[in-house]
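Trainee: Give me coordinates for this.
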Amino acid sequence: MPAEDNIAIPGAPASEAPAQAEPTTPREPLPPKPDQRGPEAVSPTGSPTGAPATARAQSGQYLTTAQGLRLQDTDHSLKAGTRGPILLQDHHLREKITHFDHERIPERVVHARGAGAHGVFRSYGTASKVTRAGFLAPDVETPVFVRFSTVLGSRGSADAVRDTRGFSTKFYTDEGTYDLVGNNIPVFFIQDGIKFPDIVHAAKPHPDREIPQAQSAHDTFWDFVSLHTEAQAHTMWNMSDRGIPRSYRTMEGFGVHTFRLVNADGDTTLVKFHWKPKQGVHSLVWEEAQIINGMDPDFHRRDLADAIEAGAYPEWELGIQTFPDTEDQMFEGIDLLDPTKFVPEELAPVQPIGMMTLTANPTNYFAETEQVAFHPGHLVPGIDVTNDPLLQVRLFSYLDTQISRLGGPNFAQIPINRPHAPVNDMLRDGMHQTAVHAGVAPYRPNSLDGGCPFLAGQDLGAFVDVPAAVAESIKERRNPASFDDHYSQARLFFRSLSAVEQDHVIQAYTFELGKCYETAVRERQLQALANIDAALCAAVAAGLGMAAPEASEQVAEHAPSPALSQVGLTWPVAGRVVGIIADSSSDLSQVDAARKALDGEGMVPLVIAPTGGTLSSDGLSVTVQRTFLTARSTEFDALIVAGGQRPAPDATGGRDAKGGEPAAGADPRVGLMLSEAYRHAKAIGFWGSGSGVLDAAGIPQQSAGIAAGDDAASVTSAVSELLAAHRAWDRFPATGAAAGPAR
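Mentor: So this is what the prediction gives:
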């Protein structure tokens, strides 16, 4: 048997290991797994019930109808004889099939593909001087639910596509629910929400063939963004590594808009919200993302759930950039109401105000992640909106969307959406009303219900709209002149990247435009790139086999912002996944030592072997988590080679196509894993016979990011150091763009 070592390996589907035979002794339903938690047990009107969170789940030992009637058979319809027609009187069949037919609700038009988790937000109190929001007071802890998502794909699409990601957080505060509804990119495609249907229609699959799914590499998208040049800043972020994050855990979040905070004295401050991942901001490389989408379309949601189950709880620090609430709402020449603009952190540092930790997976995806309803108009005292024209439309659109998706106006009563503050709203009836309201006077003023509910003043925690002055103006459909700059921030972003990141941007534009059929669309987008950066345009044009145009506009220059680059810093390694390749010839004491060393640093070690089960030698057994058949390099942040020279019995093309390549001694699947990891600039470590495995795979042992050692301790230490930088970018020379910054 494997040694008990308390290393948490995620992936168990149930809270108890199942018996081999079908259980026949009646028992209560299994409890949730230790990593799972449901919404808090509050009433539809926000009152604590004192019941456990599992009280809303199924109960009882026996199968019943929805009305609680026990059933003796659910495998056979009621028929007129064993070969006769099914009878209409079969109430159980009709209930079961009818419910099944209505199991699905309309998926979100955008952000349909999502993953969620429960957690807690702890305020540092550093925002108290700019806002009276109670959950931002010192040391206040607030339950949260977070939903991450892609924008373009359907619910069944892949995770690792090039796309913007949603990053939305529901704070269950004692002053009401506050929703911070953001993205992993701080700028948006459009400046006015009236164009939101247009950009979504352009980015979604073509309506005639419903392809391509979950990607922007097609004509309608590039047709729109090349005509609406205000989209160029967001497109530049999306073509960078930010468009293919390594994990939700290594992804920044932004509130996108400028909001207004109000403190206890009524003073106002304009702010932008930032989520900073404690593990750093890291991304995939393009080939790696493409392989992942075939090998594991659920890569990001699996990574999030596995990390929580393994105890490697994801953390983000919430920060704010603050700006004076001036009449023109400008800062350093940047219009704060323009959602296609961001403010470089060097001009306005991000001030940390609290820490969010995700500690539990949902108990039920549909009930929680699919039905959670966010709305930027869910505000609390001390946080207000601004006149950002995209935000103003979102304030209408999100509420309207929830009514459509969730079957009516009572979506706030779904358990995941229930406030943790008392609710007395005078709203009544409607589809899916689950509150049982008392009283006869849902209006005010009234005397028949004793005057309740009463109005509260600001001193009692009421929300007060900021009495902002509205300038004398005329009614018109126009943007302010400050919205007209569509290129300078795209240039600022590109020229702030390292050479390797610029190479990735060039590759992304070349790939995406290379998928467009229409020459006019490619030419128009090249013109936009020429206005952004001549060297970028020339490199992309060369890849497309087209001429690079000259710039058509004079674009303002700005100093590069080092904060925009993902390369050059070091980060904690907790939560990183490391594959240990081993076989029957491996020194299992060293393999076990490597597992324990990696686990001790908070990483997740997974043993990869020729077959499943265990590896055993000299009385020591090590559990195998992956096999040469099931493993692929893309699952791992680094690989350690402690064996793999001997081809496994299934290393043939007929049993596994990956095993059909000729190999000099080593299992070809191991060679494939190593060659991919090498191409993707991942850390690779080895000791002992691992040297021969690298030779068989053609991996130069003197390359950057290759860690050799005499034992597990030295190799795991070196791999950990390499992982702190995410990848060994020095392994391949970077070209970048000649017009880019000196690095």
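
Trainee: which parts of stretch 416-435 are buried?
Mentor: If you call a residue buried by 16 or more other CB atoms under 10 Å, then stretch 416-435 has these buried ones: 416-421, 423, 435. Placement of C-beta: from N, CA and C, glycine included.

Trainee: now the residues you listed as JSON lines including secondary structure and distance to Gly461?
Mentor: As requested, the buried residues of stretch 416-435 are exported to JSON lines (DSSP: H, G, I helix; E, B strand; the rest coil; distance: CB to CB, whole Å):
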{"residue": "Ile416", "secondary structure": "helix", "distance to Gly461": "24"}
{"residue": "Asn417", "secondary structure": "helix", "distance to Gly461": "21"}
{"residue": "Arg418", "secondary structure": "coil", "distance to Gly461": "19"}
{"residue": "Pro419", "secondary structure": "coil", "distance to Gly461": "13"}
{"residue": "His420", "secondary structure": "coil", "distance to Gly461": "14"}
{"residue": "Ala421", "secondary structure": "coil", "distance to Gly461": "9"}
{"residue": "Val423", "secondary structure": "coil", "distance to Gly461": "14"}
{"residue": "Ala435", "secondary structure": "coil", "distance to Gly461": "22"}
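
Trainee: ok, those vs Phe374, which is closest?
Mentor: The closest of the buried residues of stretch 416-435 to Phe374 turns out to be Asn417 (CB to CB; 9.2 Å).

Trainee: Give the full set of residues in contact with that closest one.
Mentor: Contact partners of Asn417, counting by CB atoms under 8 Å, 6 or more residues apart in numbering, are 170, 177, 371-373, 411.

Trainee: List just the nearest of those to Glu28.
Mentor: Gln371 (25.5 Å).

Trainee: Nearest to Ile640, out of the buried residues of stretch 416-435: which one, please.
Mentor: Of those, the one sitting nearest to Ile640 (CB to CB) turns out to be Ile416, at 40.4 Å.

Trainee: Looks like Glu518 contacts Asp219 (just checking).
Mentor: Yes - the criterion here is CB atoms under 8 Å, and Glu518 meets it with Asp219 at 5.3 Å.

Trainee: pLDDT weak spots in this protein?
Mentor: 1-4, 661-665, 738-743 (pLDDT under 70).

Trainee: Sketch out the strands for the stretch 101-250 of the chain, chain order is fine.
Mentor: Secondary structure of the stretch 101-250 of the chain (DSSP state E, counting those that start in this stretch): strands at 114-123, 141-150, 165-173, 176-183.

Trainee: So what's the residue count around Phe100?
Mentor: Around Phe100 there are 9 other residues, counting by other CB atoms under 10 Å.

Trainee: how far is stretch 427-444 from where the chain is centred?
Mentor: Taking CA atoms, centre = their mean, to the nearest Å, the mean C-alpha location of stretch 427-444 is offset from the chain mean by 37 Å.

Trainee: okay, how far is it across it, tip to tip?
Mentor: 12 Å (CA to CA, to the nearest Å).

Trainee: sorry, back to before: between Glu518 and Asp219, tell me which one has more neighbours.
Mentor: Neighbours per residue, other CB under 10 Å: of Glu518 and Asp219, the larger number sits with Asp219, 17 against 12.

Trainee: which residue sits closest to the more buried one in space, ignoring its chain neighbours?
Mentor: Spatial nearest neighbour of Asp219, excluding adjacent residues (CB to CB, 6 or more residues apart in numbering): Cys516 at 4.8 Å.

Trainee: can I get the CA coordinates of the host helix or strand of Ile308 in PDB?
Mentor: Element membership of Ile308 [criterion: DSSP states H and E] is helix 299-309. C-alpha atoms of helix 299-309 as PDB (Å, rounded to 0.1, in the frame of the first residue of the first chain):
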ATOM      1  CA  PHE A 299      -8.600  23.300 -18.300                       C
ATOM      2  CA  HIS A 300      -9.300  26.500 -16.400                       C
ATOM      3  CA  ARG A 301     -12.300  25.400 -14.400                       C
ATOM      4  CA  ARG A 302     -10.500  22.100 -13.500                       C
ATOM      5  CA  ASP A 303      -7.400  24.100 -12.400                       C
ATOM      6  CA  LEU A 304      -9.500  26.300 -10.200                       C
ATOM      7  CA  ALA A 305     -11.400  23.500  -8.600                       C
ATOM      8  CA  ASP A 306      -8.300  21.200  -8.100                       C
ATOM      9  CA  ALA A 307      -6.300  24.000  -6.500                       C
ATOM     10  CA  ILE A 308      -9.100  24.600  -4.000                       C
ATOM     11  CA  GLU A 309      -9.500  20.900  -3.300                       C
END
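
Trainee: Next, the angle from that helix to strand 141-150.
Mentor: 160 degrees (axes from the mean of the first three to the mean of the last three CA atoms, to 10 degrees).

Trainee: so how far is helix 299-309 off the chain centroid?
Mentor: 10 Å.

Trainee: quick revisit: could you dump the buried residues of stretch 416-435 to JSON lines with distance to Phe273?
Mentor: Shown next, in JSON lines, are the buried residues of stretch 416-435 (distance: CB to CB, whole Å):
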{"residue": "Ile416", "distance to Phe273": "22"}
{"residue": "Asn417", "distance to Phe273": "21"}
{"residue": "Arg418", "distance to Phe273": "24"}
{"residue": "Pro419", "distance to Phe273": "21"}
{"residue": "His420", "distance to Phe273": "21"}
{"residue": "Ala421", "distance to Phe273": "21"}
{"residue": "Val423", "distance to Phe273": "26"}
{"residue": "Ala435", "distance to Phe273": "32"}
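
Trainee: which among these gets closest to Glu252?
Mentor: Of the buried residues of stretch 416-435, the one sitting nearest to Glu252 (CB to CB) turns out to be Ile416, at 24.7 Å.

Trainee: dump the residue contacts of the closest one.
Mentor: With CB under 8 Å, 6+ apart, Ile416 has these contacts: 39, 145, 367-368, 371-372.

Trainee: at 6 Å instead, please
Mentor: Neighbouring residues of Ile416 by CB atoms under 6 Å, 6 or more residues apart in numbering: 39, 368, 371-372.

Trainee: cool, Leu63 as well?
Mentor: With CB under 6 Å, 6+ apart, Leu63 has these contacts: Leu71.

Trainee: wait, Ala231 sits on Val225?
Mentor: Yes - counting by CB atoms under 6 Å, Ala231 does reach Val225; the two are 4.0 Å apart.

Trainee: Between all of the contacts of Asn417, which two are separated the most?
Mentor: Thr177 and Gln371 (14.4 Å).

Trainee: if you count what's nearby, which of those two comes out ahead?
Mentor: Remark: of Thr177 and Gln371, Thr177 carries more neighbours, 22 against 19, as counted by other CB under 10 Å.

Trainee: so where do the helices sit in the stretch 101-250 of the chain?
Mentor: Secondary structure of the stretch 101-250 of the chain, counting by DSSP state H, counting those that start in this stretch: helices at 196-203, 219-227, 232-239.
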